[in-house]
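Undergrad: turn this into a model:
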Amino acid sequence: MSFLQPWMLAALPLIALPVIIHLINQRRYQTTPWAAMMFLLTATRMARGYARLRQWLILMFRVAVITALIFAVARPLSSGWLGLAGGSRPDTTLVLLDRSPSMQQRQFGSETTKLDSAVNQLVQTLSTLGSTRWAVIDSAHREPQELESIDALPGLTAVTATSSSADLPAMLESARDYIAANRPGRTDIWIASDLQASDWNADSARWQTLRDEFQSFPQGVRFHLLAFPQDVSQNVAVSVVDSKRVETGQGAELWLSLRLARHGEAEDRISVPVTIEIEGARSLVPVELVGVQAELKDHRIALPPGHRKGWGMVSIPADANVADNQFYFVFDETPPRHSVIVAEQPAVGDLLEVAATISPDAQNQSTAELLTPARMTATAWEEVSLLLWQGALPDGDAAREVERFITRGGQAIFFPSPQAADTTFLGVTWDNWVEDATQQRIESWRGDQDLLSNTASGAALPVGQIELQQRMELTGEFTPLATLAGGDALIGRVLQGSGAAYFCGTTPEGAHSSLAQDGVVFYVMVQRALAAGTAALGDTRQLIAGAASPQRRTSTSSATAADPSTDEAQPEQQVLPTDTWQQLAGPESTLSNEYLYQAGVYADEDRLLAVNRPAAEDEPSRVQDDRLAELFRDLDFTRVDTELGREAGLVQEVWRLFVVAMIAAMMFEAGLSMPHRARSGGLKP
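TA: Reported below is the predicted structural model:
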């Protein structure tokens, strides 16, 4: 049994008062032998058994009255799973709210989403439990927002759905910082989530740090997880894989590639009507979906003459989750794909040139030029998409030129020099060459995004098949994309402004690795970086909701390079100010400070920006129960699984039941205590 005022249970010894009074009352009478009473005593022995039972019942009901009174004043709760009665009311309650697209799932025929249910249940539950201070940390902004009372929670913007993923470790870090800064008393942390695996980053090394830091707080911190583990069936998600404007002999066309994904195991064939809208003009394309995934490749749409750039949206009929039924895209004339190559070794330079100039699309020709560091200041960097650098890291004027190129949106991939050098660029350094064969196997890599992500069909790149003969150790601050069996990083990334720099611990030379020999991973890396750099040259850009948010930068050092999941968990955020953005498409109720987190199309002066949910949100994988328990190991943690659509609170006060029980006990005691009416009859005079 749980109680809101457990200190009142200290009065339970008072239930002994009726027994004590009864014993005292028995001691008040002295027994004196009297011969005249012998006949009366003999007559009453026959009824002694009933009288004794009656006295015990009266005593029991009197004890029950006092017990029920104490329990009622202690305010008992109906749900014992919480274990909330272990102490007094918490001084501070923090609510961590998952606003990711997966929390917008709903039951068929209902408008209530998982997020709505979570907010309603939390408000009712926490209103009952009470607290001195309230604060909410949402998955988008991750900054604590204090509340006057928990009843103000439903009216906040922080409880509306977004298109960005949640990052539970980062949200817990915000809670940790809040506790450390405000030094409250006992703190309760409530987490509302659907256990989406991509939101929890269960493999992140930060969980161990968080456990240690929360255990170190002297006031005590308790965690309560409100979980929605159920998957909603009959849900299909649509996303755009590629959109490009192509000039043909008949005029300009838009080539659109999209993907449909269905949750759960489904073998039946269904036809999904896909609506394609380009700035108001709509067309309907049926797509056959067999199994869990289908693709529409290079669907061609004729563009009006002179239509150089624009935006559009694909959508499917509403189902269990409306958040994944739309996807926005932008298109423009493709800028020239031009690369700059700086290589100490001519053989490596030739390999880099081949990978950069063989375009996967015949419509987009690629060019490359080989330069020396001395000639870099004369390069027209505003026309360059990608920098491929092999040798000692740039310094001096060359370093400043390269940093400006990356900051404005360019991409750069650095390969080490055959000779060890102590040059540092963007906080990263190469150490000595390593030839330990036992540490040369790639064990893990980021397959959900960036240069090593899976293909459009979902197949993984053969990164694990790369053979390494020699490599250089990476040190400094970076996000690891590929790590070795020993925990060292082979490929690291640093975001700088709107661009990115990638540092590879080996070269494509045959004496160092099989990158060029196998070719697939090496070529894909170069082409993806080239495409990202080219996109930055144009007037359109595809953005992942929340991935370009202006948050504090937290990089990963080589000491934690064994944790590839930290890329999603603590990215070095690209700061994109939204002051000049204008919304062209998307939810009309979106506030300007939410543009980075809400799917839609936005205009930033002459640029068009399409913001969409991350691809991981379309994968309904959940954190396993044993893994979740491990994340909160050694912490005061309680989990409750709730249901979609439930409106009632998680706990209810049942003190009224004890009041009724007390009244009933008093009535029974009164009935037993009443004197019996004398029987009529006897001798008549």
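
Undergrad: could I get the full set of strands for the stretch 51-200 of the chain?
TA: For the stretch 51-200 of the chain, the strands defined by DSSP state E, counting those that start in this stretch occupy 76-77, 92-97, 133-138, 145-147, 187-193.

Undergrad: other SSEs contacting the last one?
TA: Yep, that's strand 187-193 we're talking about. strand 92-97, helix 114-129, helix 168-182, strand 221-227 (3 or more CB pairs under 8 Å, 6 or more residues apart in numbering; DSSP states H and E). Every residue, glycine included, has its C-beta placed from N, CA and C.

Undergrad: pick the most deeply packed of these.
TA: Most buried of these, by mean neighbour count (mean count of other CB atoms under 10 Å): strand 92-97, with a mean of 26.

Undergrad: tell me the angle that one makes with helix 114-129.
TA: Compare the direction of strand 92-97 with that of helix 114-129 by axes from the mean of the first three to the mean of the last three CA atoms, to 10 degrees and you get 170 degrees.

Undergrad: where in the stretch 151-300 of the chain is pLDDT low?
TA: Applying pLDDT under 70 to the stretch 151-300 of the chain flags residues 232-233, 264-267.

Undergrad: Val640 pairs with what?
TA: Beta-bridge partners recorded for Val640 (DSSP bridges): Leu226.

Undergrad: quick one on the thing from earlier: just the strands of the stretch 51-200 of the chain: most buried one?
TA: Mean neighbour count (mean count of other CB under 10 Å) peaks for strand 92-97 among the strands of the stretch 51-200 of the chain, with a mean of 26.

Undergrad: paired strands for that one, with orientation please.
TA: strand 133-138 (parallel), strand 187-193 (parallel).

Undergrad: need the contact partners of the first one.
TA: Think strand 133-138. Strand 133-138 is contacted from outside by 91-97, 99, 126, 143-150, 153, 156, 158-159, 171, 174-175, 178, 184, using CB atoms under 8 Å, 6 or more residues apart in numbering.

Undergrad: for the stretch 201-350 of the chain, which segments are assigned as helices?
TA: Ranges of helices in the stretch 201-350 of the chain, per DSSP state H, counting those that start in this stretch, are 206-216, 346-357.

Undergrad: export those helices to JSON lines and tack on mean neighbour count and distance to Asn321?
TA: Putting the helices of the stretch 201-350 of the chain into JSON lines (neighbours: other CB atoms under 10 Å; distance: least, CB to CB, whole Å) gives the following:
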{"stretch": "helix 206-216", "mean neighbour count": "16", "distance to Asn321": "28"}
{"stretch": "helix 346-357", "mean neighbour count": "20", "distance to Asn321": "40"}
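
Undergrad: turn those helices into TSV, including distance to Ala547.
TA: Converted to TSV, the helices of the stretch 201-350 of the chain look like this (distance: least, CB to CB, whole Å):
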stretch	distance to Ala547
helix 206-216	18
helix 346-357	26
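
Undergrad: for Gln440, which of those is the nearest?
TA: helix 346-357 (19.3 Å; CB to CB).

Undergrad: contact partners of the closest one?
TA: With CB under 8 Å, 6+ apart as the test, helix 346-357 has contacts from 339, 341, 343, 366-368, 370, 386, 388, 390, 415, 507-509, 516, 522-523, 526-527, 530.

Undergrad: 7 Å - rerun?
TA: Contact with helix 346-357 is made by 339, 341, 343, 366-368, 370, 386, 388, 390, 415, 507-509, 516, 522-523, 526, 530, as judged by CB atoms under 7 Å, 6 or more residues apart in numbering.

Undergrad: neighbouring strands of the helix or strand following that helix in the sheet, and parallel or not?
TA: Of the helices and strands lying after helix 346-357 in sequence (DSSP states H and E), the nearest is strand 366-370. As defined by DSSP bridges, the strand partners of strand 366-370 come to strand 337-343 (parallel).

Undergrad: which outside residues touch the strand it pairs with?
TA: Residues outside strand 337-343 that contact it (CB under 7 Å, 6+ apart) are 349, 352-353, 356, 359, 364, 366-373, 379, 383-391, 530, 534.

Undergrad: try it again at 6 Å.
TA: Strand 337-343 is contacted from outside by 349, 352-353, 356, 364, 366-368, 370-371, 383-390, 530, 534, using CB atoms under 6 Å, 6 or more residues apart in numbering.

Undergrad: which of the residues you listed count as buried?
TA: For the contacts of strand 337-343, a burial check counting by 16 or more other CB atoms under 10 Å picks out 349, 352-353, 356, 364, 366, 368, 370-371, 384-390, 530, 534.

Undergrad: is Val526 located within a helix, as I assumed?
TA: Yes: according to DSSP: H, G, I helix; E, B strand; the rest coil, Val526 belongs to a helix.

Undergrad: any idea how many residues pack against it?
TA: 25 (other CB atoms under 10 Å).

Undergrad: ok, now Pro360?
TA: 11.

Undergrad: list the contacts of it.
TA: Applying CB under 6 Å, 6+ apart, the residues contacting Pro360 are Gln527.

Undergrad: that one and Gln527, how far apart?
TA: 6 Å (CB to CB, to the nearest Å).

Undergrad: could you do Tyr328 as well?
TA: Using CB to CB, Tyr328 is found at 24 Å from Gln527.

Undergrad: packing partners of the helix or strand encompassing Ala531?
TA: Using DSSP H and E, Ala531 sits within helix 520-537. Counting contacts by 3 or more CB pairs under 6 Å, 6 or more residues apart in numbering; DSSP states H and E, helix 520-537 packs against helix 346-357, strand 386-390, strand 411-415.

Undergrad: those into CSV, with extra columns for distance to Pro18 and mean pLDDT?
TA: CSV is the format used below for the helices and strands packed on helix 520-537 (distance: least, CB to CB, whole Å; pLDDT from 0 to 100):
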stretch, distance to Pro18, mean pLDDT
helix 346-357, 91, 91
strand 386-390, 88, 93
strand 411-415, 83, 94
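
Undergrad: reformat those as TSV; add distance to Thr132.
TA: Below are the helices and strands packed on helix 520-537 laid out as TSV (distance: least, CB to CB, whole Å):
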stretch	distance to Thr132
helix 346-357	61
strand 386-390	55
strand 411-415	51
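
Undergrad: pretty sure Lys309 contacts Phe329?
TA: No: here Lys309 does not reach Phe329: they are 11.6 Å apart, not a contact under CB atoms under 6 Å.

Undergrad: neighbour-wise, which of these two wins?
TA: Remark: of Lys309 and Phe329, Phe329 carries more neighbours, 26 against 16, as counted by other CB under 10 Å.

Undergrad: you'd agree Ser513 is up against Thr506?
TA: Yes: the criterion here is CB under 6 Å, and Ser513 meets it with Thr506 at 4.4 Å.

Undergrad: what sits in contact with each of those two?
TA: Leu468.

Undergrad: to Asp194, which of the helices and strands packed on strand 187-193 lies closest?
TA: Among the helices and strands packed on strand 187-193, helix 114-129 comes nearest to Asp194, with 5.6 Å by CB to CB.

Undergrad: quick one: pLDDT of Gly533?
TA: Looking at Gly533, its pLDDT stands at 90.

Undergrad: now Arg471
TA: At Arg471, pLDDT is 88.

Undergrad: which residues in the stretch 501-650 of the chain form helices?
TA: Under DSSP H, counting those that start in this stretch, the stretch 501-650 of the chain gives helices at 515-518, 520-537, 566-569, 625-631.

Undergrad: tell me the most buried of these?
TA: Comparing the helices of the stretch 501-650 of the chain by mean count of other CB under 10 Å gives helix 566-569 as most buried, with a mean of 22.

Undergrad: quick one: average pLDDT of that helix?
TA: 37.

Undergrad: ok, the closest residue to Ser589 other than its chain neighbours to Ala318 distance?
TA: Nearest-residue entry for Ser589: Thr160, 7.9 Å, with adjacent residues in sequence omitted and distances by CB to CB, 6 or more residues apart in numbering. Look at Thr160 and Ala318: by CB to CB, they are 18 Å apart.
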